[in-house]
Each structure stands twice: as C-alpha cells, then as structure tokens.
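Novice: how would this look folded up:
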Amino acid sequence: YVRRTREATHRAWAPWALSHGLVYDPGRGSWAMSTWPRIEGKVDGIPVTIDLTDPQPKDTAGVRTRATAQPPAPLPGNLELTREGVLSTFAKLFGAQDLQLGDRAFDQAFLIKATDEAAARALLGPETRARILELDIERLAYDDGISHAAAPLVVVELQALIEDGARLDRLCELVVSIAR
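Specialist: All right, here's what the predicted structure looks like:
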C-alpha cells in the first residue's frame, strides 16, 4: 500500500510541481524513518506546502492530501471547518458551536467553529465556499498564530490522494486565496 501510494504520488506530483516552479520531495520509506512525499514553494509570494498525512485511526480511505499556506497578514481569530456527521450532530446537542453562513448547501455540509465571526465570514465568502464544496474538502483550519505565538497557518485536508493536476491546481488556488 505504501509503495503504491508513493509511486502514484510521484507520477502525479513531480511533473505538477516542476510545471509550477515548486520543489517536489519524494519522501523516504525505510524501516528507520519514513516521510511522505511533499511539494513546497511560494505561490504568488505565499509559502505553500502540499503533502500527505497518515491515515487517522477511523479512516478507511487511507492517506489524506493536505495543503498549507502561511497568511502574510492574517485576520484575527481561529476557524475550524469539518464535515457534518453523526459526531457533529451529537456535539451540537451538547452546545458545540456551529456558525451558520446563510448558504444552505454549505451550512448542511459543514460544522463551523470560529473565535471571530466577522473573520470567519470574510474567509468563507461565496467563492471560497463554492471551491470548498467542489473540491470535497474534509477539513479546513485557519489559525492566526496569535494565541500561541506561532506562524499563522491555513490547513486544508482532503480524504484522498490527489493525483489529478487540475485538482491540485484548484487545491493550491484555494489555500492561497484563503491565506491572502
């Protein structure tokens, strides 16, 4: 499984990274230390990384594709967007926050937690919401970095290996647009 995933990633990501002026690292697989493939570089001046994450214990789909970007001038607050499901429904029964944006399809698809509602609404405008739905995003997190003195960060995760160059384009465009 790991070897096939690495090979599929290499076939798709190496030429895509090269065509976008980004650096592709094939990762390393050994018994002593293993790292997944990754793409790094700057897109429109914003540092971006695309990599794979190990499957979560509850996942049956395998690795996730994750894209991160560092906002140069972050909005205040933190945001987490996750897919609606049995656990989120249960959590809401006990008072979990779920910010509603007035977009029926989006509000039904995602549980939104935010420390600053105005920033969340600015980050999740109509075009961004449409991109998130189209890409079938599993999770999005936005951290302004202030509360723990760290670099601000946008994280977008999909519950699959992305092998399609056009979909990698859309994922990269999404994470960069949120970081702006």
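Novice: number of residues surrounding Ala149?
Specialist: Here the number of neighbours of Ala149 (other C-beta atoms under 10 Å) works out to 6. (Each C-beta comes from the backbone N, C-alpha and C, glycine too.)
Novice: how far away is it from Asp116?
Specialist: 18 Å (C-beta to C-beta, to the nearest Å).
Novice: swap in Leu52?
Specialist: From Leu52 across to Asp116, the span is 31 Å (C-beta to C-beta).
Novice: and those two? which has more neighbours close in?
Specialist: For Leu52 versus Asp116, neighbours defined as other C-beta under 10 Å are more numerous around Leu52 (21 against 16).
Novice: which residue, other than its chain neighbours, is closest to the more buried one?
Specialist: Leaving out its chain neighbours, the residue that sits closest to Leu52 by C-beta to C-beta, 6 or more residues apart in numbering is Trp36, at 3.9 Å.
Novice: check which helix or strand the residue nearest the centre of the chain maps to.
Specialist: For the chain, the residue nearest the mean C-alpha position is Val156 (0.8 Å; C-alpha atoms, centre = their mean). Here Val156 sits within strand 153-158, counting by DSSP states H and E.
Novice: hmm, who's touching that strand?
Specialist: In this structure, residues lying in contact with strand 153-158 by C-beta atoms under 8 Å, 6 or more residues apart in numbering are 53, 64-71, 135-143, 145, 171, 174-175, 178-179.
Novice: now do it, average pLDDT.
Specialist: The average pLDDT for strand 153-158 rounds to 96.
Novice: over to stretch 131-145?
Specialist: The average pLDDT within stretch 131-145 is 96.
Novice: could you report the neighbour count for Arg4?
Specialist: Arg4 has 10 neighbouring residues, counting by other C-beta under 10 Å.
Novice: sec struct for it, please.
Specialist: The three-state label for Arg4, taken from DSSP: H, G, I helix; E, B strand; the rest coil, comes out as helix.
Novice: okay, it and Arg28: tell me how far apart.
Specialist: Arg4 is 16 Å from Arg28, by C-beta to C-beta.
Novice: which residues of the chain fall in helices?
Specialist: Counting by DSSP state H, the chain has these helices, from start to end: 2-19, 86-93, 104-109, 117-123, 126-135, 165-179.
Novice: what's the most buried one of those?
Specialist: helix 165-179 (a mean of 19; mean count of other C-beta atoms under 10 Å).
Novice: figure out how far it is from the centre of its chain.
Specialist: The chain centre lies 9 Å from the centre of helix 165-179; the measure is C-alpha atoms, centre = their mean, to the nearest Å.
Novice: also stretch 98-118?
Specialist: 17 Å.
Novice: average pLDDT for that stretch?
Specialist: What stretch 98-118 shows for mean pLDDT is 93.
Novice: and that stretch, C-alpha only, in CSV?
Specialist: What follows is stretch 98-118, C-alpha atoms only, in CSV (Å, rounded to 0.1, in the frame of the first residue of the first chain):
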residue,chain,number,x,y,z
ASP,A,98,-21.9,25.8,14.5
LEU,A,99,-21.7,29.1,12.7
GLN,A,100,-24.3,29.4,10.0
LEU,A,101,-23.4,31.4,7.0
GLY,A,102,-26.8,31.5,5.2
ASP,A,103,-25.7,29.1,2.4
ARG,A,104,-28.0,26.1,2.8
ALA,A,105,-25.8,23.6,1.0
PHE,A,106,-22.7,24.7,2.8
ASP,A,107,-24.2,25.0,6.2
GLN,A,108,-25.7,21.5,5.9
ALA,A,109,-22.3,20.1,4.8
PHE,A,110,-20.0,21.6,7.4
LEU,A,111,-19.7,22.3,11.1
ILE,A,112,-18.0,25.7,11.6
LYS,A,113,-16.3,26.8,14.8
ALA,A,114,-14.8,30.2,14.9
THR,A,115,-13.4,32.6,17.6
ASP,A,116,-14.2,35.6,15.4
GLU,A,117,-17.4,35.5,13.4
ALA,A,118,-16.5,38.5,11.2
